[in-house]
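> compute the structure for the input listed below.
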Amino acid sequence: MAAPLTALYAGVLGLFLLALGARVSLLRSKLRVGMGHGNDVHLARAIRVHGNAVEWIVPMLLLFLVAELDGANRIFLHVCGVSFVGARIAHAVGVSRTSKESSGRFWGMAGTWLVIAVLALWDITAFARAGLAFLR
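Numbering: from 1, shown residues only. Coordinates of the predicted model:
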């Protein structure tokens, strides 16, 4: 079974994670901090931005893959994928700029949660449809 849309968004999000990770590495090198954040607020935020992205990207891709394999509409999947990528970028920018509240952080998490919720509900309904068909 192929999952080309999952491959696309996994690739895009993988490159996004590399960019966030490179930012952490460059800051570590510049500040000469081998482990942790060395009490530098910018490095601490960069580490959290990267970590937060990993924490949300993995479950989204799993939910996305299940939806794609269960036959979700391609337009629906693209809307979820593009929305999620946009949300993660907004969140990364928002948190990178300040540790306080920001619109990027708010809309980034709101978009992330919305996509996760929509995909989770789609996957549950796919199970229900399959389960009902199985019972016939």
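> list the residues that contact the residue positioned nearest the centre of the chain.
Centroid-nearest residue in the chain, with CA atoms, centre = their mean: I57, separated by 3.0 Å. Contact analysis of I57 by CB atoms under 8 Å, 6 or more residues apart in numbering lists L13, F16, L17, R88. C-betas here are computed from N, CA, C, even on glycine.
> what's the farthest-apart pair in those residues?
L17 and R88 (9.4 Å; CB to CB).
> anything in contact with each of the two?
Common neighbours of L17 and R88 (CB under 8 Å, 6+ apart) are A53, I57.
> tell me which of the two has more neighbours.
Between L17 and R88, R88 has the larger neighbour count (other CB atoms under 10 Å), namely 26 against 16.
> distance of that one from A19?
Going from R88 to A19 by CB to CB, to the nearest Å gives 11 Å.
> wait, L69 sits on A3?
Yes. At 6.1 Å, L69 counts as touching A3 under the criterion of CB atoms under 8 Å.
> what about the strands in this protein?
With strands called from DSSP state E, the chain shows none.
> check the offset of the helix-or-strand element of it with minimal mean pLDDT from the chain's centre.
In the chain, the helix or strand scored least confidently by mean pLDDT, DSSP states H and E is helix 103-135, which has a mean of 89. Put simply, helix 103-135 sits 14 Å off its chain's centre (CA atoms, centre = their mean, to the nearest Å).
> what's the answer for stretch 82-99, then?
10 Å.
> name the residues of it that are buried.
F84, V85, A87, R88, I89, A90, H91, A92, G94, V95, S96 (16 or more other CB atoms under 10 Å).
> can you tell me the closest non-neighbouring residue to V115?
For V115, ignoring the flanking residues on the chain, the nearest one in space by CB to CB, 6 or more residues apart in numbering is F84 at 4.4 Å.
> so who does that neighbour touch?
Y9, L13, M60, G111, T112, V115.
> buried only: go through those residues for me.
Here, 16+ other CB under 10 Å leaves Y9, L13, M60, G111, T112, V115 buried among the contacts of F84.
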